[in-house]
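With the input below, show me the fold.
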Amino acid sequence: MEPLHFIRTYDDLHQALRARSASLKVARETLDEIAGLGNCYVNKLIGPTPIKQLGKISLGALLGAMGVMLVLVEDPDALARVGKRLKKARNAKLGKNTDGTVPTRKRRKRKPYWTGNSDWGRWMRKRAIAKQSAITRSKLARHAVNARWARLRALKRLAHNGSGNCTPPPVDPLCDHNPHDVRT
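Next up is the predicted model:
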């Protein structure tokens, strides 16, 4: 393998990709198609004044379309300049990892306390009822009684009519009285 450019900064990479594009003598629209990128995207990446920057997806796609790859090699001059400032890692395990990652504990997602806890639900319902005024509790109780009686009356009517549909008529929960109640 013969090195085409030496890249130490992002600007060096940008210039190297521009030079490679010029040496291929291929239209950038063709590189867009081959790389699977959007229309005029390569021009936004390696144009004279780049609008976009190379990312995880676009870098690999563009390198593949140009027929090049990046190779990481040790730079002896740079290592000599910073070698004295490099300190050994305190974590002995860090040097043993073959993939270079730092071992971490996986966080467990906690299950909410109230999921599947009927006692908690009952307690919260009692708390909500305690916060309501006496008038509101009275209206809700009256509504529940009327809804129960309306459902029973509807089922009796259906049984007499012989209809197969057993759904009771709708009841307005905000109404003081039940419009379907025949007792009122």
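
Name the next helix or strand downstream of the helix or strand of the chain with the lowest mean pLDDT, please.
In the chain, no helix or strand scores lower on mean pLDDT, DSSP states H and E than helix 92-96, which sits at a mean of 55. Note on helix 92-96: by DSSP states H and E, the next helix or strand toward the C-terminus is helix 118-131.

how about Gln53, phi and psi?
The phi and psi values for Gln53, taken as degrees, to the nearest 10, are phi -110, psi 150.

what about the residue nearest to Met1 when sequence neighbours are not counted, which SS state?
Leaving aside its chain neighbours, Met1 sits nearest to Val71 (7.2 Å; criterion: Cβ to Cβ, 6 or more residues apart in numbering). Glycine gets a C-beta too; all of them are placed from N, C-alpha and C. With DSSP: H, G, I helix; E, B strand; the rest coil as the basis, Val71 sits in coil.

Kindly provide the distance from Val71 to Leu4.
11 Å (Cβ to Cβ, to the nearest Å).

Look at the residue nearest in space to the middle of the chain and report its pLDDT.
In the chain, the centroid-proximal residue (Cα atoms, centre = their mean) is Lys109; its distance is 15.7 Å. On pLDDT, Lys109 comes in at 76.

got the end-to-end distance for stretch 31-44?
12 Å (Cα to Cα, to the nearest Å).

circling back to that earlier point, counting neighbours, go ahead and name the busier of Val71 and Leu4.
Leu4 (11 against 8; other Cβ atoms under 10 Å).

Also compute the angle for the helix or strand containing Thr136 relative to helix 118-131, please.
In the assignment (DSSP H and E), Thr136 maps to helix 134-161. Calculated by axes from the mean of the first three to the mean of the last three Cα atoms, to 10 degrees, helix 134-161 forms an angle of 120 degrees with helix 118-131.
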